[in-house]
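S.K.: Model the following, please.
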Amino acid sequence: MEGYTTTLRRKDTTKGPPLRILSLDGGGVRGFSMLVLLEALMHRSFVEIYGRPPRPDEKLKPCDCFDLISGVGTGGLIALMLGRLRLDLETCKNVYVRMTRKVFETDKTIAGIPYKHTLFKASKLEEAIRECVREHTVSEEEGNDGTKAGGHEFQNLMSPTSAVEFPQRAASVRSNASFIPNSPVQSLRNSIHGVRWGNPDASLYDGRENRTKTAVTAVFKGTPKNGHSILLRSYDSRKEPPPEFNCTIWQAGRATCATGLAFKPIAIGNSVFVDEGAGKYNPSPQILDEAAVNEWPGRDIGVFVSIGTGKRPAGTNNRQSEWYESFLGGTMGNFAEARRRLISKIENCEEIHQQMLNSHLQKRGVPLENYCRLNVEVGVGDFGMNENVLSPHYYCTDWLTTSLGGIDYLT
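M.R.: Below is the predicted model of the structure:
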(Lines give C-alpha, C1' and ligand atoms only; values in the text may rest on other atoms or scores of the structure.)
Protein backbone atom coordinates (compact mmCIF):
# COMPACT_ATOMS: atom_id res chain seq x y z
CA MET A 1 0.00 0.00 0.00
CA GLU A 2 1.67 3.22 -1.18
CA GLY A 3 2.53 5.63 1.60
CA TYR A 4 1.66 3.11 4.27
CA THR A 5 3.53 3.52 7.54
CA THR A 6 2.81 2.12 10.94
CA THR A 7 4.34 1.36 14.30
CA LEU A 8 3.81 -2.23 15.34
CA ARG A 9 1.57 -2.46 18.37
CA ARG A 10 3.18 -5.68 19.58
CA LYS A 11 6.72 -6.85 19.61
CA ASP A 12 7.77 -10.19 18.29
CA THR A 13 10.97 -12.17 18.14
CA THR A 14 12.60 -14.39 15.58
CA LYS A 15 14.58 -16.10 18.34
CA GLY A 16 13.16 -18.85 20.47
CA PRO A 17 12.32 -22.54 20.59
CA PRO A 18 11.07 -24.35 17.48
CA LEU A 19 7.62 -23.24 16.39
CA ARG A 20 4.43 -25.30 16.49
CA ILE A 21 1.90 -24.47 13.77
CA LEU A 22 -1.67 -25.75 13.36
CA SER A 23 -3.53 -25.46 10.04
CA LEU A 24 -7.20 -26.45 9.69
CA ASP A 25 -8.94 -27.18 6.36
CA GLY A 26 -12.35 -25.96 5.29
CA GLY A 27 -15.18 -28.22 4.22
CA GLY A 28 -18.62 -27.71 5.71
CA VAL A 29 -20.03 -29.29 8.86
CA ARG A 30 -17.45 -32.06 8.68
CA GLY A 31 -15.08 -29.71 10.48
CA PHE A 32 -16.10 -31.49 13.68
CA SER A 33 -13.83 -34.37 12.66
CA MET A 34 -10.85 -32.01 12.97
CA LEU A 35 -11.65 -31.46 16.64
CA VAL A 36 -11.91 -35.21 17.20
CA LEU A 37 -8.51 -35.78 15.58
CA LEU A 38 -6.83 -32.87 17.35
CA GLU A 39 -8.19 -33.99 20.71
CA ALA A 40 -6.85 -37.51 20.16
CA LEU A 41 -3.43 -36.19 19.13
CA MET A 42 -3.15 -33.87 22.13
CA HIS A 43 -4.41 -36.54 24.53
CA ARG A 44 -1.76 -38.99 23.36
CA SER A 45 0.88 -36.28 23.57
CA PHE A 46 -0.17 -35.50 27.14
CA VAL A 47 0.15 -39.17 28.09
CA GLU A 48 3.57 -39.35 26.42
CA ILE A 49 4.79 -36.30 28.36
CA TYR A 50 3.27 -36.92 31.79
CA GLY A 51 2.90 -40.69 31.78
CA ARG A 52 -0.81 -40.50 32.61
CA PRO A 53 -4.05 -39.24 31.08
CA PRO A 54 -5.14 -35.68 31.89
CA ARG A 55 -7.34 -35.15 34.94
CA PRO A 56 -10.80 -33.59 34.43
CA ASP A 57 -9.48 -30.17 35.49
CA GLU A 58 -6.53 -30.38 33.06
CA LYS A 59 -8.17 -29.12 29.91
CA LEU A 60 -6.46 -29.67 26.58
CA LYS A 61 -6.01 -26.19 25.13
CA PRO A 62 -4.28 -25.89 21.75
CA CYS A 63 -3.54 -22.22 22.51
CA ASP A 64 -1.07 -23.45 25.17
CA CYS A 65 0.65 -25.67 22.64
CA PHE A 66 0.71 -23.92 19.25
CA ASP A 67 2.33 -20.60 18.33
CA LEU A 68 0.03 -20.05 15.33
CA ILE A 69 -3.46 -21.49 14.82
CA SER A 70 -5.02 -20.91 11.42
CA GLY A 71 -7.79 -22.12 9.17
CA VAL A 72 -10.28 -21.47 6.40
CA GLY A 73 -14.07 -21.83 6.33
CA THR A 74 -15.29 -23.97 9.20
CA GLY A 75 -11.62 -24.60 9.96
CA GLY A 76 -11.31 -20.83 10.31
CA LEU A 77 -14.20 -20.75 12.78
CA ILE A 78 -12.48 -23.44 14.83
CA ALA A 79 -9.17 -21.55 14.65
CA LEU A 80 -10.87 -18.44 16.05
CA MET A 81 -12.36 -20.44 18.91
CA LEU A 82 -9.18 -22.32 19.77
CA GLY A 83 -6.77 -19.44 19.16
CA ARG A 84 -8.38 -16.04 19.60
CA LEU A 85 -10.92 -17.19 22.22
CA ARG A 86 -8.50 -19.74 23.76
CA LEU A 87 -11.09 -22.47 24.24
CA ASP A 88 -10.22 -25.96 25.40
CA LEU A 89 -11.14 -28.76 23.02
CA GLU A 90 -14.12 -30.11 24.96
CA THR A 91 -15.70 -26.66 25.18
CA CYS A 92 -14.95 -26.02 21.51
CA LYS A 93 -16.67 -29.26 20.48
CA ASN A 94 -19.79 -28.33 22.42
CA VAL A 95 -19.85 -24.81 20.98
CA TYR A 96 -19.23 -26.11 17.46
CA VAL A 97 -22.12 -28.58 17.64
CA ARG A 98 -24.43 -25.84 18.90
CA MET A 99 -23.25 -23.43 16.23
CA THR A 100 -23.53 -25.83 13.30
CA ARG A 101 -26.96 -27.06 14.34
CA LYS A 102 -28.14 -23.47 14.37
CA VAL A 103 -26.57 -22.58 11.03
CA PHE A 104 -26.00 -25.58 8.78
CA GLU A 105 -28.88 -27.89 9.60
CA THR A 106 -31.45 -25.26 8.62
CA ASP A 107 -30.31 -25.00 5.02
CA LYS A 108 -32.31 -23.41 2.23
CA THR A 109 -33.13 -26.57 0.27
CA ILE A 110 -36.14 -28.80 -0.39
CA ALA A 111 -35.31 -32.48 -0.97
CA GLY A 112 -31.71 -31.41 -1.47
CA ILE A 113 -32.61 -28.83 -4.14
CA PRO A 114 -31.76 -25.20 -3.26
CA TYR A 115 -34.43 -22.54 -3.58
CA LYS A 116 -32.13 -19.57 -2.88
CA HIS A 117 -28.81 -18.37 -4.29
CA THR A 118 -26.94 -19.57 -1.19
CA LEU A 119 -27.41 -22.67 0.94
CA PHE A 120 -27.37 -21.05 4.37
CA LYS A 121 -28.49 -17.87 6.09
CA ALA A 122 -25.60 -15.54 6.80
CA SER A 123 -27.62 -13.90 9.59
CA LYS A 124 -27.77 -17.25 11.42
CA LEU A 125 -24.00 -17.61 11.18
CA GLU A 126 -23.46 -14.08 12.44
CA GLU A 127 -25.76 -14.70 15.40
CA ALA A 128 -24.02 -17.97 16.24
CA ILE A 129 -20.52 -16.48 16.16
CA ARG A 130 -21.52 -13.39 18.15
CA GLU A 131 -23.15 -15.60 20.78
CA CYS A 132 -19.97 -17.67 21.04
CA VAL A 133 -17.81 -14.55 21.37
CA ARG A 134 -20.12 -13.05 23.98
CA GLU A 135 -19.98 -16.22 26.08
CA HIS A 136 -16.22 -16.61 25.89
CA THR A 137 -14.94 -13.06 26.36
CA VAL A 138 -15.95 -13.10 30.00
CA SER A 139 -13.40 -14.71 32.27
CA GLU A 140 -9.99 -13.05 32.17
CA GLU A 141 -8.58 -15.76 34.45
CA GLU A 142 -9.02 -18.24 31.59
CA GLY A 143 -6.77 -16.23 29.32
CA ASN A 144 -9.58 -14.84 27.21
CA ASP A 145 -10.06 -11.21 26.31
CA GLY A 146 -8.95 -8.32 28.51
CA THR A 147 -9.67 -4.62 28.32
CA LYS A 148 -6.46 -3.93 26.39
CA ALA A 149 -7.19 -6.48 23.67
CA GLY A 150 -9.17 -4.15 21.49
CA GLY A 151 -11.70 -2.14 23.45
CA HIS A 152 -14.16 -2.72 26.27
CA GLU A 153 -14.26 -6.49 26.56
CA PHE A 154 -16.44 -6.69 29.67
CA GLN A 155 -19.93 -5.30 30.08
CA ASN A 156 -22.38 -4.95 32.95
CA LEU A 157 -25.03 -7.65 32.86
CA MET A 158 -27.85 -5.24 33.65
CA SER A 159 -26.60 -2.58 31.26
CA PRO A 160 -25.01 -4.22 28.21
CA THR A 161 -23.86 -0.93 26.75
CA SER A 162 -21.88 0.27 29.75
CA ALA A 163 -18.28 -0.82 30.12
CA VAL A 164 -16.92 -2.01 33.45
CA GLU A 165 -13.31 -1.78 34.55
CA PHE A 166 -11.72 -4.91 36.00
CA PRO A 167 -8.28 -5.52 37.44
CA GLN A 168 -5.76 -6.44 34.78
CA ARG A 169 -4.25 -9.88 35.23
CA ALA A 170 -0.64 -10.78 34.71
CA ALA A 171 0.25 -11.98 31.24
CA SER A 172 -0.06 -15.72 30.69
CA VAL A 173 3.03 -16.99 28.94
CA ARG A 174 2.93 -20.14 26.84
CA SER A 175 5.28 -22.70 28.28
CA ASN A 176 8.05 -24.29 26.29
CA ALA A 177 6.46 -27.57 27.37
CA SER A 178 3.61 -28.86 25.29
CA PHE A 179 0.94 -28.65 27.97
CA ILE A 180 0.25 -26.69 31.11
CA PRO A 181 -2.25 -28.45 33.37
CA ASN A 182 -4.89 -25.85 34.16
CA SER A 183 -6.04 -25.09 37.66
CA PRO A 184 -9.80 -25.17 38.20
CA VAL A 185 -11.30 -21.76 37.51
CA GLN A 186 -14.75 -20.70 38.61
CA SER A 187 -16.52 -19.70 35.41
CA LEU A 188 -19.07 -16.93 35.54
CA ARG A 189 -20.50 -17.19 32.07
CA ASN A 190 -23.20 -19.75 32.89
CA SER A 191 -24.14 -18.45 36.33
CA ILE A 192 -27.62 -17.01 36.63
CA HIS A 193 -26.20 -14.69 39.28
CA GLY A 194 -23.25 -13.58 37.15
CA VAL A 195 -22.60 -9.88 36.72
CA ARG A 196 -20.77 -9.84 33.38
CA TRP A 197 -21.38 -10.54 29.75
CA GLY A 198 -18.63 -10.64 27.18
CA ASN A 199 -18.53 -8.34 24.19
CA PRO A 200 -19.99 -9.93 21.01
CA ASP A 201 -18.16 -7.27 18.99
CA ALA A 202 -14.73 -8.01 20.49
CA SER A 203 -11.85 -7.14 18.20
CA LEU A 204 -10.01 -9.81 16.25
CA TYR A 205 -6.79 -8.03 17.15
CA ASP A 206 -5.21 -9.19 20.41
CA GLY A 207 -2.43 -6.85 21.51
CA ARG A 208 -1.26 -8.83 24.52
CA GLU A 209 2.20 -10.36 24.53
CA ASN A 210 2.78 -14.10 24.50
CA ARG A 211 -0.64 -15.02 23.14
CA THR A 212 -0.93 -17.64 20.46
CA LYS A 213 -1.43 -15.99 17.08
CA THR A 214 -4.59 -16.64 15.10
CA ALA A 215 -5.16 -16.15 11.38
CA VAL A 216 -7.97 -17.07 9.00
CA THR A 217 -7.95 -16.88 5.22
CA ALA A 218 -10.53 -14.92 3.23
CA VAL A 219 -10.93 -13.83 -0.39
CA PHE A 220 -11.68 -10.37 -1.73
CA LYS A 221 -14.74 -10.20 -3.97
CA GLY A 222 -13.64 -10.17 -7.60
CA THR A 223 -10.39 -12.08 -7.01
CA PRO A 224 -9.59 -14.04 -10.21
CA LYS A 225 -9.53 -17.82 -10.07
CA ASN A 226 -5.72 -17.89 -10.04
CA GLY A 227 -5.62 -15.19 -7.35
CA HIS A 228 -4.71 -15.55 -3.70
CA SER A 229 -6.43 -15.50 -0.35
CA ILE A 230 -5.57 -12.89 2.25
CA LEU A 231 -5.10 -13.34 5.98
CA LEU A 232 -7.20 -11.75 8.70
CA ARG A 233 -4.90 -11.79 11.72
CA SER A 234 -5.16 -11.34 15.48
CA TYR A 235 -1.70 -9.75 15.41
CA ASP A 236 0.35 -7.19 13.50
CA SER A 237 2.05 -8.58 10.43
CA ARG A 238 5.71 -7.84 9.87
CA LYS A 239 5.17 -7.72 6.11
CA GLU A 240 1.90 -5.97 5.32
CA PRO A 241 -0.90 -3.82 6.74
CA PRO A 242 -4.15 -5.54 7.71
CA PRO A 243 -6.87 -5.69 5.03
CA GLU A 244 -9.14 -3.98 7.57
CA PHE A 245 -7.94 -2.38 10.80
CA ASN A 246 -11.15 -2.70 12.80
CA CYS A 247 -12.22 -6.27 12.11
CA THR A 248 -14.17 -8.04 14.84
CA ILE A 249 -13.98 -11.74 15.65
CA TRP A 250 -17.43 -12.43 14.23
CA GLN A 251 -16.64 -10.53 11.02
CA ALA A 252 -13.50 -12.63 10.53
CA GLY A 253 -15.60 -15.77 11.00
CA ARG A 254 -18.15 -14.59 8.44
CA ALA A 255 -15.45 -13.61 5.96
CA THR A 256 -13.61 -16.92 6.06
CA CYS A 257 -16.93 -18.79 5.53
CA ALA A 258 -18.18 -16.54 2.71
CA THR A 259 -18.28 -18.67 -0.44
CA GLY A 260 -20.50 -18.21 -3.45
CA LEU A 261 -22.33 -21.44 -2.60
CA ALA A 262 -22.67 -21.28 1.18
CA PHE A 263 -23.02 -17.68 2.38
CA LYS A 264 -23.46 -14.29 0.80
CA PRO A 265 -20.59 -11.75 0.79
CA ILE A 266 -19.72 -9.65 3.83
CA ALA A 267 -18.50 -6.05 3.82
CA ILE A 268 -15.91 -5.14 6.45
CA GLY A 269 -14.98 -1.49 6.28
CA ASN A 270 -14.18 -0.75 2.64
CA SER A 271 -13.59 -4.39 1.71
CA VAL A 272 -16.03 -7.05 0.51
CA PHE A 273 -15.17 -10.71 1.02
CA VAL A 274 -16.55 -13.72 -0.85
CA ASP A 275 -14.77 -16.71 -2.35
CA GLU A 276 -15.90 -17.00 -5.96
CA GLY A 277 -13.43 -19.76 -6.77
CA ALA A 278 -9.95 -18.48 -5.93
CA GLY A 279 -9.75 -19.81 -2.39
CA LYS A 280 -8.16 -23.08 -1.32
CA TYR A 281 -9.60 -25.35 1.37
CA ASN A 282 -6.16 -26.48 2.54
CA PRO A 283 -4.30 -23.31 3.57
CA SER A 284 -1.12 -25.12 4.66
CA PRO A 285 1.31 -23.59 2.10
CA GLN A 286 0.09 -20.06 2.84
CA ILE A 287 0.26 -20.64 6.60
CA LEU A 288 3.74 -22.14 6.38
CA ASP A 289 4.86 -19.06 4.44
CA GLU A 290 3.24 -16.83 7.05
CA ALA A 291 5.25 -18.51 9.81
CA ALA A 292 8.57 -19.14 8.06
CA VAL A 293 8.80 -16.03 5.88
CA ASN A 294 6.65 -13.31 7.42
CA GLU A 295 6.50 -13.70 11.19
CA TRP A 296 9.47 -15.79 12.31
CA PRO A 297 12.06 -15.71 9.52
CA GLY A 298 15.01 -17.91 10.35
CA ARG A 299 13.26 -19.73 13.18
CA ASP A 300 12.89 -23.51 13.05
CA ILE A 301 9.49 -25.12 12.51
CA GLY A 302 9.37 -27.87 15.12
CA VAL A 303 5.88 -29.20 14.31
CA PHE A 304 3.49 -28.34 11.50
CA VAL A 305 0.13 -30.08 11.96
CA SER A 306 -2.38 -29.96 9.08
CA ILE A 307 -5.83 -31.44 9.69
CA GLY A 308 -8.42 -32.16 6.99
CA THR A 309 -12.17 -32.62 7.10
CA GLY A 310 -12.22 -36.01 5.37
CA LYS A 311 -11.37 -37.59 2.04
CA ARG A 312 -12.92 -40.18 -0.23
CA PRO A 313 -11.84 -43.80 0.09
CA ALA A 314 -9.38 -44.79 -2.61
CA GLY A 315 -11.03 -46.03 -5.78
CA THR A 316 -14.39 -44.30 -5.31
CA ASN A 317 -15.98 -42.10 -7.95
CA ASN A 318 -15.03 -38.47 -7.48
CA ARG A 319 -17.58 -37.38 -10.08
CA GLN A 320 -20.63 -38.73 -8.30
CA SER A 321 -23.64 -36.45 -8.86
CA GLU A 322 -26.80 -35.78 -6.94
CA TRP A 323 -29.97 -37.25 -8.43
CA TYR A 324 -31.25 -33.91 -9.70
CA GLU A 325 -28.13 -32.61 -11.43
CA SER A 326 -28.74 -34.23 -14.83
CA PHE A 327 -31.88 -32.27 -15.62
CA LEU A 328 -31.58 -28.97 -13.76
CA GLY A 329 -31.03 -25.74 -15.62
CA GLY A 330 -30.90 -22.05 -14.83
CA THR A 331 -30.13 -21.04 -11.25
CA MET A 332 -30.37 -24.58 -9.89
CA GLY A 333 -28.14 -25.85 -12.66
CA ASN A 334 -25.60 -23.22 -11.64
CA PHE A 335 -25.94 -24.47 -8.07
CA ALA A 336 -25.19 -28.03 -9.18
CA GLU A 337 -22.05 -26.81 -10.91
CA ALA A 338 -21.08 -24.79 -7.85
CA ARG A 339 -21.55 -27.87 -5.69
CA ARG A 340 -19.23 -29.88 -7.93
CA ARG A 341 -16.63 -27.13 -7.68
CA LEU A 342 -16.97 -27.14 -3.90
CA ILE A 343 -16.41 -30.88 -3.63
CA SER A 344 -13.50 -30.57 -6.05
CA LYS A 345 -11.92 -27.97 -3.76
CA ILE A 346 -12.34 -30.28 -0.77
CA GLU A 347 -10.72 -33.13 -2.68
CA ASN A 348 -7.94 -30.81 -3.85
CA CYS A 349 -6.85 -30.56 -0.22
CA GLU A 350 -5.00 -33.86 -0.57
CA GLU A 351 -3.26 -32.63 -3.72
CA ILE A 352 -2.04 -29.63 -1.74
CA HIS A 353 -0.85 -32.06 0.94
CA GLN A 354 1.22 -33.82 -1.71
CA GLN A 355 2.64 -30.47 -2.84
CA MET A 356 3.72 -29.84 0.74
CA LEU A 357 5.50 -33.21 0.80
CA ASN A 358 7.04 -32.88 -2.66
CA SER A 359 8.40 -29.35 -2.55
CA HIS A 360 7.01 -26.73 -0.20
CA LEU A 361 8.33 -28.12 3.08
CA GLN A 362 11.81 -28.40 1.62
CA LYS A 363 11.51 -24.89 0.18
CA ARG A 364 10.92 -23.53 3.69
CA GLY A 365 13.52 -25.73 5.35
CA VAL A 366 11.07 -27.96 7.24
CA PRO A 367 12.09 -31.63 7.62
CA LEU A 368 9.43 -34.08 6.47
CA GLU A 369 9.35 -35.68 9.91
CA ASN A 370 8.23 -32.34 11.40
CA TYR A 371 5.10 -32.30 9.23
CA CYS A 372 1.94 -34.16 10.18
CA ARG A 373 -1.21 -34.49 8.06
CA LEU A 374 -4.35 -35.96 9.65
CA ASN A 375 -7.30 -36.69 7.39
CA VAL A 376 -9.73 -39.59 7.68
CA GLU A 377 -11.52 -41.46 4.91
CA VAL A 378 -15.29 -40.97 4.86
CA GLY A 379 -18.01 -42.89 3.10
CA VAL A 380 -19.06 -41.63 -0.32
CA GLY A 381 -22.53 -40.90 0.99
CA ASP A 382 -21.05 -38.68 3.69
CA PHE A 383 -18.92 -36.68 1.28
CA GLY A 384 -21.01 -33.55 1.25
CA MET A 385 -21.12 -30.18 2.87
CA ASN A 386 -24.08 -30.64 5.17
CA GLU A 387 -23.85 -34.00 6.93
CA ASN A 388 -24.86 -34.97 10.44
CA VAL A 389 -22.53 -32.95 12.63
CA LEU A 390 -21.74 -35.87 14.94
CA SER A 391 -21.08 -38.50 12.25
CA PRO A 392 -17.29 -37.92 12.40
CA HIS A 393 -17.29 -39.84 15.70
CA TYR A 394 -18.03 -43.01 13.73
CA TYR A 395 -15.57 -42.72 10.87
CA CYS A 396 -12.78 -41.33 13.08
CA THR A 397 -12.81 -44.17 15.60
CA ASP A 398 -11.30 -46.93 13.45
CA TRP A 399 -8.86 -44.56 11.78
CA LEU A 400 -7.53 -43.26 15.09
CA THR A 401 -6.77 -46.74 16.39
CA THR A 402 -4.45 -47.48 13.47
CA SER A 403 -3.00 -44.13 12.38
CA LEU A 404 -1.88 -42.11 15.40
CA GLY A 405 0.64 -44.70 16.46
CA GLY A 406 3.10 -43.53 13.82
CA ILE A 407 2.84 -39.82 14.56
CA ASP A 408 5.54 -37.97 16.47
CA TYR A 409 4.11 -36.39 19.58
CA LEU A 410 4.05 -32.65 20.25
CA THR A 411 7.12 -32.78 22.46
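
S.K.: Now do the helices in the stretch 151-300 of the chain.
M.R.: According to DSSP state H, counting those that start in this stretch, the stretch 151-300 of the chain carries its helices in the segments 249-257, 284-289.

S.K.: So which of these is the most surrounded?
M.R.: helix 249-257 (a mean of 28; mean count of other C-beta atoms under 10 Å). Glycine gets a C-beta too; all of them are placed from N, C-alpha and C.

S.K.: quick one on the thing from earlier: tell me which of the helices of the stretch 151-300 of the chain lies nearest to Gly222.
M.R.: Minimum separation from Gly222 across the helices of the stretch 151-300 of the chain (C-beta to C-beta) falls at helix 249-257, 14.5 Å.

S.K.: Same list as before, the helices of the stretch 151-300 of the chain that is, but in CSV and with mean pLDDT and distance to Gly73 included.
M.R.: Listed next are those as CSV, based on pLDDT from 0 to 100; distance: least, C-beta to C-beta, whole Å:
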stretch, mean pLDDT, distance to Gly73
helix 249-257, 95, 6
helix 284-289, 98, 14
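
S.K.: Export those helices as TSV, with columns for distance to Thr100.
M.R.: As requested, these are arranged in TSV below (distance: least, C-beta to C-beta, whole Å):
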stretch	distance to Thr100
helix 249-257	11
helix 284-289	23
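
S.K.: Where does pLDDT dip in the stretch 301-411 of the chain?
M.R.: Scanning the stretch 301-411 of the chain for pLDDT under 70 picks out the ranges 313-342, 379-411.

S.K.: And the stretch 51-200 of the chain, by the same measure?
M.R.: Judged against pLDDT under 70, the low-scoring parts of the stretch 51-200 of the chain cover residues 104-119, 138-196.

S.K.: can you give me the strands in it?
M.R.: Along the stretch 51-200 of the chain, the stretches classed as strands by DSSP state E, counting those that start in this stretch are 68-71, 109-110, 113-114, 154-156, 196-198.

S.K.: same question, the stretch 251-400 of the chain
M.R.: Listed from the start of the chain, the stretch 251-400 of the chain has strands (DSSP E, counting those that start in this stretch) covering 266-268, 271-273, 301-307, 371-374.

S.K.: Out of the ones you listed, indicate the one that is most buried.
M.R.: Sort the strands of the stretch 251-400 of the chain by mean neighbour count, taking mean count of other C-beta under 10 Å, and strand 301-307 sits at the top with a mean of 23.

S.K.: Residues contacting that one, please?
M.R.: Strand 301-307 is touched from outside by 17-25, 34, 37-38, 41, 66, 75, 282, 284, 288, 291-292, 353, 356, 361, 364-366, 370-375, 408, 410, with contacts defined as C-beta atoms under 8 Å, 6 or more residues apart in numbering.

S.K.: and the nearest residue to Gly27 once chain neighbours are set aside, how many neighbours?
M.R.: Nearest residue to Gly27, sequence neighbours excluded (C-beta to C-beta, 6 or more residues apart in numbering): Thr309, at 3.4 Å. A count of neighbours around Thr309, defined by other C-beta atoms under 10 Å, yields 28.

S.K.: Let me see the contact set for Thr309.
M.R.: When contacts are counted by C-beta under 8 Å, 6+ apart, Thr309 is found next to 25-28, 30-31, 33-34, 74-75, 281, 346, 349, 375.

S.K.: same thing but 6 Å
M.R.: Remark: with contacts taken as C-beta atoms under 6 Å, 6 or more residues apart in numbering, Thr309 is in contact with Asp25, Gly27, Arg30, Gly31, Ser33.

S.K.: Make sure Pro17 is indeed in a strand.
M.R.: No: looking at Pro17 with DSSP: H, G, I helix; E, B strand; the rest coil, it is coil, so not inside a strand.

S.K.: Model confidence for it, exactly?
M.R.: Here the pLDDT value assigned to Pro17 is 91.

S.K.: neighbours around it, how many?
M.R.: Applying the criterion other C-beta under 10 Å, we find 10 residues in the vicinity of Pro17.

S.K.: And it, how far from Gly365?
M.R.: Plainly put, Pro17 is 16 Å away from Gly365 if you go by C-beta to C-beta, to the nearest Å.

S.K.: Verify the stated contact: Asp201 with Asn246.
M.R.: No: counting by C-beta atoms under 6 Å, Asn246 is not a contact partner of Asp201; they are 10.0 Å apart.

S.K.: Compare those two (neighbour count), which wins?
M.R.: Asp201 (17 against 13).

S.K.: Once you drop chain neighbours, what's closest to the more buried one?
M.R.: Nearest non-adjacent residue to Asp201 (C-beta to C-beta, 6+ apart): Thr248, at 5.1 Å.

S.K.: give me the number of residues near the one you found?
M.R.: The local packing of Thr248 (other C-beta under 10 Å) involves 22 other residues.

S.K.: What about the nearest residue to Lys59 once chain neighbours are set aside? Give its phi and psi, please.
M.R.: Counting by C-beta to C-beta, 6+ apart, Asp88 is the residue found nearest to Lys59 once chain neighbours are left out, at 3.5 Å. With angles defined as degrees, to the nearest 10, Asp88 sits at phi -80, psi 170.

S.K.: What are the neighbouring residues in contact with Asp88?
M.R.: Contacts for Asp88 (C-beta under 6 Å, 6+ apart) come out as Lys59, Leu60, Lys61.

S.K.: Could you report the distance from it to Ile78?
M.R.: Between Asp88 and Ile78 the distance is 13 Å, computed by C-beta to C-beta.

S.K.: cool, and Val274?
M.R.: If you measure Val274 against Ile78 using C-beta to C-beta, the figure is 21 Å.
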